Structure formats: structure tokens, C-alpha cells
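**Q** Below is the sequence, then the predicted model.
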Amino acid sequence: MPPDKTCVKHNVILEKGLAKKIYEPPSPEDEEFDSLFPFHGIYKHTQKEEENSYNLIVVSYCKKCRKEGLNFIQTKREVQVILSSLDC
Ligand SMILES: [Zn+2]
């Protein structure tokens, strides 16, 4: 068996989990997110394959990357809500 992969950022052994498939090329925002949280395992950009394939894919993810990534998304949403409320 190959050795377990570890997260280069957190030095944590990666776990198997499910990520959402996204059939679009990554946006600059996605690329930034991927570089901040290299093993977030929240979504994965992939090529569209067969029509009836599932929308989830098994990935190796780092618990810490996922947690920090989700916090990041949450914070970003809150900032957007604040900004939109300042707009009026
Ligand atoms: Zn990590």
C-alpha cells in the first residue's frame, strides 16, 4: 500500500471524503481558494464524463483545510452581506 498522503500545509494525514463536482474551469477566485486551502475537498473541478455520473466524487481531504476553507467562505458571505447593506 502506498503511504498515506499528508497535507503540505498542515502536515495532517489526508482522509477520504466526498466533494461536489464542478464542470467548469476554475475561476481566479477558485484558484485562490485552492492555493489557500490545498486539500479542502469541498468541490473539485473535473471534466464532464458520462451523463448519468454522480455529482459527488471521492477525494482525499485535510480536515483542517476543509474547516478553514468553510470558515473562509462563511466570512466572505458575511462581508458581502455587510457590504450590500452599506450600499443603500
Ligand atoms: Zn490542510
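**A** Structure's in. What do you need? None of these values were measured; they are calculated from a predicted model. Numbers count the residues shown, from 1 in each chain.

**Q** Report how many residues lie close to Ser60.
**A** Ser60: 16 surrounding residues under other CB atoms under 10 Å. Glycine gets a C-beta too; all of them are placed from N, C-alpha and C.

**Q** check contacts around it.
**A** By CB atoms under 8 Å, 6 or more residues apart in numbering, the residues touching Ser60 are Lys5, Leu14, Glu15, Lys16, Gly17, Phe39, Gly41.

**Q** any idea how far Asn71 lies from the ion?
**A** Counting by CB to the ion, to the nearest Å, the gap between Asn71 and the ion amounts to 13 Å.

**Q** now, among the contacts of Ser60, which is nearest to Tyr23?
**A** Of all the contacts of Ser60, Gly41 has the smallest distance to Tyr23: 17.4 Å, by CB to CB.

**Q** Surely the closest one is within a helix?
**A** No. Read with DSSP: H, G, I helix; E, B strand; the rest coil, Gly41 is coil and lies in no helix.

**Q** Lys48 is in contact with Tyr23, isn't it?
**A** Yes. Here Lys48 reaches Tyr23: they are 4.6 Å apart, a contact under CB atoms under 8 Å.

**Q** wait, what's in contact with Asp25?
**A** In this structure residue 25 is Pro, not Asp. His45.

**Q** Surely it is in a strand?
**A** No. Applying three-state DSSP, one finds Pro25 to be coil, outside a strand.

**Q** Quick check: pLDDT value at it.
**A** The model reports Pro25 with a pLDDT of 89.
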